[in-house]
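Enquirer: Got a predicted model here, sequence first, then my questions.
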Amino acid sequence: MRTGNLFVISGPSGAGKGTLVARLLEEVPDAWVSVSATTRLPRPGEKEGVSYFFLDKQEFLDLAREDGFLEWAEYAGNCYGTPLASVQREMAAGKQVILEIEVQGALQVKEKMPEARLVFIEPPSLEELERRLRGRGTETDDVVRKRMDTALVELSHKMEYDIRLVNDNLGEAVAQLVAYVNETAEQK
């Protein structure tokens, strides 16, 4: 059995984090993606314990006070967090635990669990990032501008991460991420 590890994957919206994580799960059999908790209401099609753990605000805040989250934040009036117990359980079972979270949360995780490996996913350029965001066809110009502003802030933190992968060629980026996870799992 390999040693369990925690990998935190961050990067700007449109950098391709979700695609890379999905491909990582196909290639690394002992990888496990953590399910976050939230106080927002479920959207159509979302399932309890699969999409999120849906908690009311009081339950969430009680768990936060009990130090039950690895990281958490409030965004647009709703709370989002990574339950600590499930991460610890899966790591103890030898899993390669994957968190796909934003930069603020990633830095909180590193503070709480210094052994966590932070992976920053970069777009090849800001122009390509904007092209990807617009190509989705789901965001207004105003939302794209806000996401680009947020991307600049997120990119300013990339040197605080253990590794940085430029997602220019999907196959190469997947291979680099899979290799990093496997090498880390085999080290201990």
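Expert: Right, received. Where do you want to start? Numbering: from 1, shown residues only.

Enquirer: residue boundaries of the strands in the chain?
Expert: Ranges of strands within the chain are 5-10, 31-33, 37-38, 53-54, 69-75, 78-83, 96-100, 117-122, 163-166, based on DSSP state E.

Enquirer: Of the ones you listed, which shows the lowest average pLDDT?
Expert: Out of the strands of the chain, strand 69-75 stands lowest, with a mean of 90 (criterion: mean pLDDT).

Enquirer: quick one: which of the strands of the chain is nearest residue 146?
Expert: Proximity to residue 146, assessed across those by CB to CB, is greatest for strand 69-75 (12.9 Å). Bear in mind the C-beta positions are built from the backbone N, C-alpha and C, glycine included.

Enquirer: Each with direction, which strands does the closest one pair with?
Expert: Paired neighbours of strand 69-75 in the sheet (DSSP bridges): strand 78-83 (antiparallel).

Enquirer: Could you dump the strands of the chain into CSV with distance to residue 135 and mean neighbour count added?
Expert: Shown next, in CSV, are the strands of the chain (distance: least, CB to CB, whole Å; neighbours: other CB atoms under 10 Å):
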stretch, distance to residue 135, mean neighbour count
strand 5-10, 21, 24
strand 31-33, 25, 19
strand 37-38, 27, 20
strand 53-54, 31, 17
strand 69-75, 25, 19
strand 78-83, 26, 20
strand 96-100, 20, 23
strand 117-122, 17, 23
strand 163-166, 18, 17
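
Enquirer: I'd like to know which of the ones you listed lies nearest to residue 20.
Expert: Relative to residue 20, the nearest member of these by CB to CB is strand 117-122, separated by 6.2 Å.

Enquirer: CA atoms only for that closest one, dumped as PDB, please.
Expert: Presented in PDB, the C-alpha positions along strand 117-122 are these (Å, rounded to 0.1, in the frame of the first residue of the first chain):
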ATOM      1  CA  ARG A 117       1.400  19.300  -1.600                       C
ATOM      2  CA  LEU A 118       0.200  22.500  -3.300                       C
ATOM      3  CA  VAL A 119      -0.200  22.300  -7.100                       C
ATOM      4  CA  PHE A 120      -0.900  25.500  -9.100                       C
ATOM      5  CA  ILE A 121      -2.500  25.100 -12.500                       C
ATOM      6  CA  GLU A 122      -1.600  28.000 -14.800                       C
END
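
Enquirer: before we move on, the earlier item: could you dump the strands of the chain to TSV with distance to residue 107?
Expert: Below are these laid out as TSV (distance: least, CB to CB, whole Å):
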stretch	distance to residue 107
strand 5-10	9
strand 31-33	20
strand 37-38	19
strand 53-54	23
strand 69-75	8
strand 78-83	13
strand 96-100	12
strand 117-122	8
strand 163-166	15
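
Enquirer: Go through those and name the closest to residue 108.
Expert: Closest approach to residue 108 among the strands of the chain (CB to CB): strand 69-75, 3.8 Å.
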